[in-house]
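Undergrad: Okay, predicted coordinates and the sequence, questions at the end:
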Amino acid sequence: MKQILKYSFLFSTSIVALGLSSCKKDYLEQLSPTSISPATALAGETDVAAALLGAYAGLRNVDLEGRTVPVIGDLMADNTYVSGKNSGRYTSYANYLFTVADGNVAGFWNSAYNTILRCNQIINASAPASINVNQYKGEAYAIRALCYFTLVRYFAKPYTQDPTSLGVPIVTKFDISLFPARNKVSEVYTLINADLTQSFTLMTTFKNSTQFSKYAARGLQAKVYLTMGDYVNAKTAALDVINNSGFTVVTAANHASYWLGALPRTDKVETLFEVSSDILNNNGFDGLANIYSQSGYGDMLVANDLYASFATGDVRKSLYVPGTRGGAAAIFVTKYPNTNGTDISDTKVVRLSDIYLIAAEASLPANEADALLYANYITSRRNAGPIGSTGAALFEDIITERRKELAFEGDRYLDLNRLKRDVVRSTNFPSTARTILFTDYRRVLPIPQSELDANSNIRSQQNPGW
């Protein structure tokens, strides 16, 4: 991690240094970008604002929210499979054959920690407090929480399984000499919740869906509590968003246009937070949309059983289109239709529909009336039949509704993990990887070999089985 911290620090400080050049004759005496401390570089409001752009850019990395994280969240589960005609991307995840030397695993780990470092510099900046500085720092806390939340769910056992097991290293300040060991899962979640609480306190401004705001942070916190199995706090946070945020769920009539739209939303419809791509800032052909689009790589297809779960009138079904690929019948994902030009589909991270389903699940088992109320609020806005079950069947219906609503947004695998369930796949998937037991060591990603090589304190802390 030493090299990760070093290069991320140089990148972030050099962004700010661009604005510090001078025409004075003593310009040769200025500090070089490599020697500018965060306290010096981020001493003013505009400096912090510039650094925040770098933190958001970090989320867009191909191996973070830019593509890998949302893709494997469905591919390692049962929603999407790799076409027989493919570009070779993510096939090891379809087959559960990834290794400690896997490039996507290393890219995921490295890009998350690079983004965390950029957030740390903003959080620890010496810029005097103001409404704007507080807002920027609040956003940085939320981004850092998202990165740690993503890391700990993939590189550690679920909180619901063993909160005392090894999580991921916590790094909250820049230190080039740091070789951090892994913290406990519970310690990582404590930091995540502290960050999100601080974020909610600091932020006062809503700009658009591509920047964190108070209720985007609260929505993320509802998701965190749900992942911890803390239904009381999950419901409290979810209802805070539902009742106080001013956001509304997209309706059936506007569902298609919602997914066609590519510009940041300012109307508070559905999207609490998404990772932005535009004509200047994008991953090019390696963007998320292209791995699904038949005008791009088009490798990832819809599992037959998922497609069959949608009723005929359900507006969500129109996002998946039957066709042929490589001479075989296939169902294409068109949820991300914008692949190039000025219109590029963003990565949805927190949506209001998810928050309603969190409230529904978190109402159980004590309050089935509330569970039905919140779940059917979503079904009624998808032209789907209402849920009318009770008891264990109601719980299963809500989990199924989550699968349908959040398909191809990276949630399914993480839901199966927190619920401690086996991955049971259809015949679309390789015969050798159709059932992946919850106890299978491959349900937790390996710590990258490059990290083990660089950090002696983590070398003995590899996940079991790897």
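TA: Cool, the structure landed.
Undergrad: Pretty sure residue 349 sits in a strand.
TA: Yes: checked against DSSP: H, G, I helix; E, B strand; the rest coil, residue 349 lies within a strand.
Undergrad: Kindly provide the whole-number mean pLDDT of stretch 110-121.
TA: For stretch 110-121, mean pLDDT is 97.
Undergrad: Please find the angle between the direction vectors of the lengthiest helix in the chain and strand 347-351.
TA: Using DSSP state H, we find that the single longest helix of the chain is helix 131-155. Helix 131-155 and strand 347-351 are oriented at 100 degrees to each other (axes from the mean of the first three to the mean of the last three CA atoms, to 10 degrees).
Undergrad: Which neighbouring elements make contact with helix 131-155?
TA: On a contact count with 3 or more CB pairs under 8 Å, 6 or more residues apart in numbering; DSSP states H and E, helix 131-155 meets helix 45-59, helix 103-123, helix 185-202, helix 214-228, helix 412-418. Where C-beta positions appear, they are placed from N, C-alpha and C, glycine not excepted.
Undergrad: Of the ones you listed, which is nearest residue 372?
TA: The closest of those to residue 372 is helix 214-228. By CB to CB, the value is 17.9 Å.
Undergrad: For the closest one, output the C-alpha coordinates as PDB.
TA: Output in PDB follows, covering the C-alpha atoms of helix 214-228 (Å, rounded to 0.1, in the frame of the first residue of the first chain):
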ATOM      1  CA  LYS A 214     -27.300  15.000   2.900                       C
ATOM      2  CA  TYR A 215     -29.900  12.500   2.000                       C
ATOM      3  CA  ALA A 216     -27.700  10.600  -0.500                       C
ATOM      4  CA  ALA A 217     -25.400  10.000   2.500                       C
ATOM      5  CA  ARG A 218     -28.400   9.000   4.700                       C
ATOM      6  CA  GLY A 219     -29.600   6.600   2.000                       C
ATOM      7  CA  LEU A 220     -26.100   5.000   1.800                       C
ATOM      8  CA  GLN A 221     -26.200   4.700   5.600                       C
ATOM      9  CA  ALA A 222     -29.600   2.800   5.400                       C
ATOM     10  CA  LYS A 223     -27.900   0.400   3.000                       C
ATOM     11  CA  VAL A 224     -24.900   0.000   5.400                       C
ATOM     12  CA  TYR A 225     -27.200  -0.800   8.300                       C
ATOM     13  CA  LEU A 226     -29.200  -3.300   6.200                       C
ATOM     14  CA  THR A 227     -25.900  -5.000   5.300                       C
ATOM     15  CA  MET A 228     -25.100  -5.200   9.000                       C
END
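Undergrad: which parts of that helix are buried?
TA: Judged by neighbour count using 16 or more other CB atoms under 10 Å, the buried positions of helix 214-228 are 214-228.
Undergrad: Packing partners of the next helix or strand after that helix?
TA: Proceeding N to C from helix 214-228, the next assigned helix or strand is helix 231-244, under DSSP states H and E. Under the contact definition 3+ CB pairs under 8 Å, 6+ apart, helix 231-244 sits against helix 214-228, helix 352-362.
Undergrad: tell me the angle of helix 231-244 relative to strand 347-351?
TA: 100 degrees.
Undergrad: got the contact list for whatever helix or strand comes next after helix 231-244?
TA: Moving toward the C-terminus from helix 231-244, the next helix or strand (DSSP H and E) is helix 255-260. With CB atoms under 8 Å, 6 or more residues apart in numbering as the test, helix 255-260 has contacts from 250, 269-270, 315-316, 318-319, 335-338, 345, 381-382.
Undergrad: Help me confirm that residue 323 is found in a helix?
TA: No: using three-state DSSP, the assignment for residue 323 is strand, not a helix.
Undergrad: what's across from it in the sheet?
TA: Assessed by DSSP bridges, residue 323 has beta-bridge partners residue 330.
Undergrad: any idea of the mean pLDDT in the longest helix of the chain?
TA: Mean per-residue pLDDT for helix 131-155: 98.
Undergrad: For that helix, list every residue counted as buried.
TA: Applying 16+ other CB under 10 Å to helix 131-155 flags 133, 135-155 as buried.
Undergrad: ok now do residue 101, which residues does it touch?
TA: By CB under 8 Å, 6+ apart, the contact list for residue 101 reads 448, 449.
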